[in-house]
Each structure stands twice: as structure tokens, then as C-alpha cells.
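In: okay, here's the prediction I keep looking at, along with the sequence it came from:
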Amino acid sequence: MELEELKSIWKNSEPGFQSKDETEIASMLKGRSLSIIDKLKRSVWFELIFTLAASIGLLIYALTLPSGALKWTSISILLMCLGYTFYYVKKLMLLNRFDPVKENMRANLVSLINNLSGYLKFYKRSYTILYPVYFCLGLLFGGLERGADEFFERLVQPRTIILLTLIAGLFYFLSTRFTNWYLRKLYGNHLEKLKGLLNDIHG
Amino acid sequence: MYENDPDVRNDLFQEIVFQLWKSFSSFRGEAKITTWMYRIALNTAISGFRKQTRNVKTEDLKELHLNISDSWGDDREEDIQRLQWAIRQLSEIERAMIMMALEEVPYEEIAETIGITQNNVRVRMNRIREKLKNLCVTNHGT
């Protein structure tokens, strides 16, 4: 079976799709992109807007509080949220580097694999730091709202220390396991597929 | 050829149109317009597009079953179905290459689109041709 023979069979086949008119094409262009990079960008923008909205809410709450430990805890969470906007900007910068147009398929795959791997590494690293910080701040925030004196008194008791260490360990274990599972489900399998395609090109 | 589900195929077509539109301003005429279009279409279909999870529709299963169970004959329509079935069995990169070859895209342009040498394209095309031949013979036997 020669290629020319295959071409002649192919030429007789019906086109795979009906041609589209102007209005149909125009309506298609109004839709949202389904490319993986555009989807990631949209989700980062959502996280960024959510963090900024939560920061504004927290700021309004902190301003209503009388001066004290609770107020300072709120402000520290607020500062952390604002600091975290840097993380979202960095994520967006990583995603904006990707431009599939200039590249051939091999270069595009290499670039996509590098970008996605870098993005996932950054995502994991930031959450490894963020989860313990959130846990400690959440604990402090909850404790102080019930009464600072009682909270610090209980905090130094060995039983509380052991209990908190166990809860912190469990929280850290479960949250990192969840993040890893979530990332693998969302992007890990796609990344594996891309690596397979690259191997296939080299093959 | 990249998607069996007509809804997913439409989504993919829309995504390709969207990417072509978005990227048109960056086309500087260094490559042929067809090479540029193939590049974007294949990059979108193979690496950048994530289809929505949908249940496999019964008509797709029926179509697949018909393609596999049909016997080899002189009928042109059957030949086309068999060829389409055989192409679907190839890997995505091989599918991209044979599709371009069947559409009379020169090897030079295929090499440029995929990012491999022309010699490599020749070698790969020979392998693909062999695979298709074996697939058609196997299918003919069933």
C-alpha cells in the first residue's frame, strides 16, 4: 500500500465538517477559550480577585475592632493576603510566557511541559508554606476571639501542646495530600500526556 | 479525526478558530500561511486543548463497531471507512503527520510544523505506511 494509493482513497472521502458561514464564525469568536493555559489564567484571576475581596472585607472588619490582639491578628492575616497577591501575579507571569504561535509542535510541547511543571512546582511550594501559616493564624485568631488570657493559659499546658501538634500534623498531612491529588487530577495527567507526545515526536 | 464525539469536535473547531483569530496579528509571513495554520491547529488539537468529560455516546460506539467489523471489499466507501479507522488507531503525532501527507502537504512543511528533520519525516512516514497497511490487513481479516 503506497502513500499515493492512500491519498486517492482519502480524496474521495467526505469532508469531516460542514463549512461555516461568517455569522457562525463570529459567534464562535465570542466564546471563551478552552486552551489549558487560558483556563489556568482564568482560575488564577479568580483566586486573585477573591483574595483581594477577602482582604477588603477583613480590612473593614479590622477597622471596626478596638485596639487589641484580635485587631493585630486580623491585620497580620490581611498583610499575608496582600503579600499573597505577589504569588498570583507571579503565577500569571509564568502563564503569560507561553505563546504557542511562534513554535513548532516539538518546541511548543517542550515549552508547555516546562511552563506547566514550573507552575505546578510553584503551586505546591507556596501551599507547603501557606497551609501551616493559615493553621497557626486560624488557631491564634479563634483563640483570641474567646479571650487572650484563657487562650495563652491553655496553650502552655502539655496536653494542649500534644493535641495541637497532632491536629497540626493531621491538618498538614491531609491538606498536602489533598493538594497533590487535586493538582494531579487537574493537570498531572495532562502533563503526563504531553510528555508522552514529546517522546513520540522524538521516537 | 482527533475527536469522535461531535460535540467535542465542534468545541475543538471553535478553539482552533479562536486561536487562529487571536494569533493572526503575530503572523509575519515568514512561513506559508498554511504552515502557520497547521501549526496552530495541531498545537491546539494535540497539546493545548482539554476536552470536557462527556459520556461516550452510543452512536460513536456503533460507528466504531461498524468500522472494525466491516470486511475488506472493493467498495470505495468501505476503503475510506477502513482508512479512517486505521488512522484512528495511530498515535496522535503519527495521525498529525499522515493527515498532513494525505492533504498533500510537502514533507518540508510537515517537518517544519512538527519540529523534526525532513529525513525523520521520511522515516516516520514509511513506518506509518507500514502500520496502516498492517492495520488494514488485520481489519480485513476480521
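Out: That came in fine, so what should we check first?

In: for the rest of this, base every contact and every neighbour count on C-alpha atoms.
Out: OK.

In: so after the worst-scoring helix or strand of chain A on mean pLDDT, what's the next helix or strand?
Out: None of the helices or strands of chain A scores lower by mean pLDDT, DSSP states H and E than helix A:22-29, at a mean of 71. The helix or strand immediately downstream of helix A:22-29 is helix A:36-64, counting by DSSP states H and E.

In: next one: the very next helix or strand once past that following helix, is it in contact with chain B?
Out: Following helix A:36-64 in sequence order, the next helix or strand is helix A:69-96 (DSSP H and E). No: using CA under 8 Å from any CA of the partner chain, helix A:69-96 stays clear of chain B, coming no nearer than 12.8 Å.

In: and helix A:69-96, how far out from the chain middle?
Out: 14 Å (CA atoms, centre = their mean, to the nearest Å).

In: may I see the buried residues of that helix?
Out: When neighbours are counted by 16 or more other CA atoms under 10 Å in any protein chain shown, the buried residues of helix A:69-96 are found to be A:69-71, A:73-75, A:77-78, A:81-82, A:84-85, A:87-88, A:91-92, A:94-95.

In: before we move on, what about stretch A:92-110?
Out: For stretch A:92-110, using 16+ other CA under 10 Å, the buried residues are A:92, A:94-95, A:98, A:100-101, A:103-106, A:108-109.

In: which neighbouring elements make contact with the longest helix along chain A?
Out: Taking DSSP state H as the criterion, chain A has its longest helix at helix A:105-146. For helix A:105-146, the elements it packs on are helix A:69-96, helix A:158-183, helix A:189-202, helix B:33-43, helix B:107-114, judged by 3 or more CA pairs under 8 Å, 6 or more residues apart in numbering or on different chains; DSSP states H and E.

In: so which residues of chain B form helices?
Out: B:6-23, B:33-43, B:58-69, B:76-88, B:92-102, B:107-114, B:118-141.

In: lowest-confidence stretch among these?
Out: Mean pLDDT values for the helices of chain B show the minimum at helix B:58-69, a mean of 40.

In: on that earlier part again, pipe the helices and strands packed on helix A:105-146 into CSV and attach distance to residue A:126 per row.
Out: Putting the helices and strands packed on helix A:105-146 into CSV (distance: least, CA to CA, whole Å) gives the following:
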stretch, distance to residue A:126
helix A:69-96, 8
helix A:158-183, 11
helix A:189-202, 20
helix B:33-43, 30
helix B:107-114, 36
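
In: near chain A, which residues of chain B?
Out: Counting by CA under 8 Å from any CA, chain B sits next to chain A at B:1, B:14-15, B:17-18, B:21, B:23, B:26, B:36, B:39-40, B:42-44, B:47-51, B:76-77, B:79-80, B:83, B:91-93, B:101-104, B:112-116, B:129, B:133.

In: so how do I select the buried members of those in ChimeraX?
Out: In ChimeraX, a selection of the buried entries from the residues of chain B next to chain A looks like this (16+ other CA under 10 Å):
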select /B:14,15,17,18,23,36,39,40,42,43,44,47,48,49,50,51,79,80,83,92,93,101,102,112,113,114,115,116,129,133
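
In: how many neighbours does residue 131 have?
Out: All of this is about chain A. Look at residue A:131: counted by other CA atoms under 10 Å in any protein chain shown, it has 16 neighbours.

In: meant chain B actually
Out: Neighbours around residue B:131, by other CA under 10 Å: 16.

In: quick one: neighbours of residue A:56, just the number.
Out: Neighbour tally, residue A:56, other CA under 10 Å: 15.

In: distance check, it against residue A:88.
Out: Residue A:56 sits 17 Å away from residue A:88, going by CA to CA, to the nearest Å.

In: isn't residue A:85 up against residue A:51?
Out: Yes: contact criterion CA atoms under 8 Å: residue A:85 and residue A:51 qualify, at 7.4 Å.

In: quick check: which ranges of chain A have low pLDDT?
Out: For chain A, the stretches with pLDDT under 70 are A:1, A:12-19, A:28-29, A:31, A:33-34, A:99-102.

In: related to what we said a few turns ago, need the helices of chain B in TSV with distance to residue A:9, can you?
Out: Shown next, in TSV, are the helices of chain B (distance: least, CA to CA, whole Å):
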stretch	distance to residue A:9
helix B:6-23	23
helix B:33-43	22
helix B:58-69	16
helix B:76-88	6
helix B:92-102	9
helix B:107-114	20
helix B:118-141	13
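
In: tell me which of the ones you listed lies nearest to residue A:64.
Out: With respect to residue A:64, and counting by CA to CA, the nearest of the helices of chain B is helix B:6-23 at 47.5 Å.

In: chain center to the closest one, what's the gap?
Out: The chain centre lies 15 Å from the centre of helix B:6-23; the measure is CA atoms, centre = their mean.

In: on contacts alone, who are the packing partners of that helix?
Out: Applying 3+ CA pairs under 8 Å, 6+ apart, one finds that helix B:6-23 contacts helix A:22-29, helix B:33-43.
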